[in-house]
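Chemist: I would like to see how this sequence folds:
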Amino acid sequence: MSEQLNMDQFFGDKMNSFGEPHLACALLLDTSGSMKMGNRAIDSLNDGIKRFKASVSSDPIAQKRVDVALITFNSKVEVICDFVPISQMPTPDLEAGGMTDMAQGIQTAIDLVKQRTAMYHTLGTPCHKPWIFMITDGAATSDDDEMRMAAERIRLEEEKGSNGRLSFWVLGIDDYDREGIFKLTNRVLELRNEDFTGIFDWLSESMSCISQSHVGERVEFTPLPDNARKAEKDRAINSDWY
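Modeler: Got it, this is the predicted structure:
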């Protein structure tokens, strides 16, 4: 008969941190062919992920409380890593190529978030509202029905309970499909160029601020970097960008 491990044996020393509030953040990254752009976008994205890991890991509270998953989508979806403490997140050199199966990427990210949240509940771990932070530079090549199903699932998860159970964010770059993205969420940011340095600093600071707050507490985020702004449905992508 196989031996069953209890939670302390399974998680080892990490079990101690599960008594503290945790925050799950899934990075959902478009690695389709358009992200090559002479390798500028994908190279900057790789650098930004490394910067994000280093920054959050340097915060003694956030590095114990922030768990990160890394998912990419192009012609297929790949879970680079399921949720792990930020200090254990891999930083692979992602390569761009293929189409943009955004719908399946979204479904996979939501599945991982729900599994992680269920684990927190099993352990009795308080948890902040999880984030999915998607970065994309183009239009989905998923069919319309799949995109409608993804949008409906986001809506349902964001509306569950009194305050919702998910914060779904999108960072659009270059000629991203604004109309399609606003069908998914109103939490849309846009980047003027392919420099991800500032936006990953903003994301790092946001994770640190949330991880140090009480669960359910309203958190004020730091200002966006100069090359990023909150998107508006009716504003031209390149208006007022100099």
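
Chemist: where along the protein do the helices fall?
Modeler: Using DSSP state H, the helices of the chain run over 7-11, 40-57, 62-65, 102-123, 144-159, 178-182, 197-211.

Chemist: Now distance to residue 94 too, for those, in JSON lines please.
Modeler: All C-beta atoms are positioned from the backbone trio N, CA, C, and that covers glycine. Listed next are the helices of the chain as JSON lines, based on distance: least, Cβ to Cβ, whole Å:
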{"stretch": "helix 7-11", "distance to residue 94": "29"}
{"stretch": "helix 40-57", "distance to residue 94": "6"}
{"stretch": "helix 62-65", "distance to residue 94": "23"}
{"stretch": "helix 102-123", "distance to residue 94": "13"}
{"stretch": "helix 144-159", "distance to residue 94": "22"}
{"stretch": "helix 178-182", "distance to residue 94": "21"}
{"stretch": "helix 197-211", "distance to residue 94": "14"}
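
Chemist: So what would you say the end-to-end distance of stretch 157-166 is?
Modeler: 6 Å (Cα to Cα, to the nearest Å).

Chemist: Residue 110: what's it in contact with?
Modeler: By Cβ atoms under 8 Å, 6 or more residues apart in numbering, the contact set of residue 110 is 132, 153, 154, 157, 166.

Chemist: What is the burial count for the last one?
Modeler: It refers to residue 166. 24 (other Cβ atoms under 10 Å).

Chemist: Find the nearest non-adjacent residue to it, please.
Modeler: Spatially, and ignoring its direct neighbours in sequence, residue 166 is nearest to residue 157 (4.0 Å; Cβ to Cβ, 6 or more residues apart in numbering).

Chemist: okay, now that neighbour: neighbour count?
Modeler: Counted with other Cβ under 10 Å, residue 157 comes out at 19.

Chemist: The spatially closest residue to residue 182 that is not a sequence neighbour and residue 185: what is the separation?
Modeler: Distances taken as Cβ to Cβ, 6+ apart place residue 233 nearest to residue 182, at 5.3 Å, with adjacent residues excluded. Residue 233 sits 12 Å away from residue 185, going by Cβ to Cβ, to the nearest Å.

Chemist: the more surrounded of these two?
Modeler: The neighbour comparison of residue 233 against residue 185 (other Cβ under 10 Å) goes to residue 185, with 18 against 10.

Chemist: which residues does that one contact?
Modeler: Contacts of residue 185 by Cβ under 8 Å, 6+ apart are 154, 158, 168, 169, 170.

Chemist: returning to that earlier point: how about the residue nearest to residue 166, what does it touch?
Modeler: Contacts for residue 157 (Cβ under 8 Å, 6+ apart) come out as 110, 114, 164, 165, 166, 168.

Chemist: Same question for residue 95.
Modeler: 31, 42.

Chemist: In the chain, where is pLDDT below threshold?
Modeler: Scanning the chain for pLDDT under 70 picks out the ranges 1-16, 37-39, 161-164, 236-242.

Chemist: can you rerun that using 80?
Modeler: Counting by pLDDT under 80, the low-confidence segments of the chain come to 1-18, 36-40, 161-164, 234-242.

Chemist: Angles on the backbone of residue 95, please.
Modeler: Dihedral pair for residue 95: phi -120, psi 150, per degrees, to the nearest 10.

Chemist: closest one to residue 220 among the helices of the chain?
Modeler: Nearest to residue 220, of all the helices of the chain, is helix 197-211, at 7.7 Å by Cβ to Cβ.
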